[in-house]
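Undergrad: what follows is a predicted structure for the sequence shown.
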Amino acid sequence: MTPEFDVPRYDRPAEQTVVTCPVNPFPLTDLDERLTDSTLSPGSCDLVRALVRLARPRLFPGGGPGLDYAALFKTAARPDLLRHHVAEVAAHLRHERVDLLVVPGMSGYPIGAMYSQASGLPAILLKKQIVTEAAPLPPPGAFVIPSYTGAGDTLISADMMAVADILAPIVRNQSARGSAVTIRIAGADEIIDKATMATAITETAPLFCRSAIEQICAADALEPDAITISVVAWVTPLIKLYNQAATVLEDRFGITPFAGIGLTSLHLDPPVIGIDGLGAIALDDTR
């Protein structure tokens, strides 16, 4: 059910995963040799090893075929498996001169918090509510998106108190230097599947940030020359290249997402995962 309040809605397109098993996927016994011969980074190699152990393809009620990686990213926090990847992401965020991370709830929270801690960047963890339980006047930048697990429509919004408290020192410092206020945002999630959530956040995060900045300027009698807010990066352990997720972000926003692993194909039975720069891996039927 769509809420009565006026917020944008983002619908997910159909999953584009390959249903035909790739020809000659290589066995798990060959994985270490394949990784040694690949050009994947140390963080990406660690991710591959963790993924083949803790993830399996399955059907999701709200999204079709997908990858169940809950034990790696959703129901556990595994810095022992992800520390090299997290360090690589932190270096990328510093290179992009990011001021703020924005992370959708709730499955993105564990990895988003790791990225925040490693990079030293504050993160806004967007709230997820069933639309029928949401307040009648959602905050700026809120949007509606269907649940991937089939739970119906959800309202995604920011905690404006947290946004204002994070941005206030940045705005005051930049204003004290007599410069325009410039906020550079990065989105972070545990996966970019169809880039629907990433698109929504890229378009709406500047809205709630601008609202908070305008209130800060009014309260402190600040008059910056200009206010520039933009999403400049996306970071994630996983991106579904077979859904053209990277292409969507590049074409629409000029953002090349930084991903630990690019998924090129997915097959349910037998379970096979295709990984960019490595090939198709035949997984065991049992974990």
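TA: Alright, I've got the coordinates.

Undergrad: what about the helices in the chain?
TA: For the chain, the helices defined by DSSP state H cover 31-37, 42-54, 70-73, 79-95, 109-119, 160-176, 196-220, 245-253.

Undergrad: tabulate those (TSV), appending distance to residue 138, mean pLDDT and mean neighbour count.
TA: C-beta here means a position set from N, CA and C on the backbone, and glycine is covered the same way. Converted to TSV, the helices of the chain look like this (distance: least, Cβ to Cβ, whole Å; pLDDT from 0 to 100; neighbours: other Cβ atoms under 10 Å):
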stretch	distance to residue 138	mean pLDDT	mean neighbour count
helix 31-37	45	97	13
helix 42-54	35	97	20
helix 70-73	27	95	20
helix 79-95	28	97	17
helix 109-119	20	97	21
helix 160-176	10	96	16
helix 196-220	10	97	20
helix 245-253	24	97	17
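
Undergrad: residue 152 is nearest to which of those helices?
TA: helix 196-220 (15.8 Å; Cβ to Cβ).

Undergrad: distance from the chain centre to that closest one, please.
TA: Between the centre of helix 196-220 and the centre of its chain there are 18 Å (Cα atoms, centre = their mean, to the nearest Å).

Undergrad: now the angle from that helix to helix 245-253?
TA: 40 degrees (axes from the mean of the first three to the mean of the last three Cα atoms, to 10 degrees).

Undergrad: hmm, back to that, and residue 259, which of the helices of the chain is closest to it?
TA: Per Cβ to Cβ, nearest to residue 259 of the helices of the chain: helix 245-253, 7.6 Å.

Undergrad: please save the CA atoms from the closest one in CSV.
TA: Provided in CSV are the C-alpha atoms of helix 245-253 (Å, rounded to 0.1, in the frame of the first residue of the first chain):
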residue,chain,number,x,y,z
ALA,A,245,23.9,-2.0,-11.5
ALA,A,246,27.3,-0.4,-12.1
THR,A,247,26.2,0.8,-15.5
VAL,A,248,23.1,2.5,-13.9
LEU,A,249,25.2,4.4,-11.5
GLU,A,250,27.8,5.4,-14.1
ASP,A,251,25.2,6.5,-16.7
ARG,A,252,22.9,8.4,-14.3
PHE,A,253,25.3,9.9,-11.9
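
Undergrad: other SSEs contacting that helix?
TA: Helices and strands touching helix 245-253, as assessed by 3 or more Cβ pairs under 8 Å, 6 or more residues apart in numbering; DSSP states H and E, comprise strand 191-192, helix 196-220, strand 227-240.
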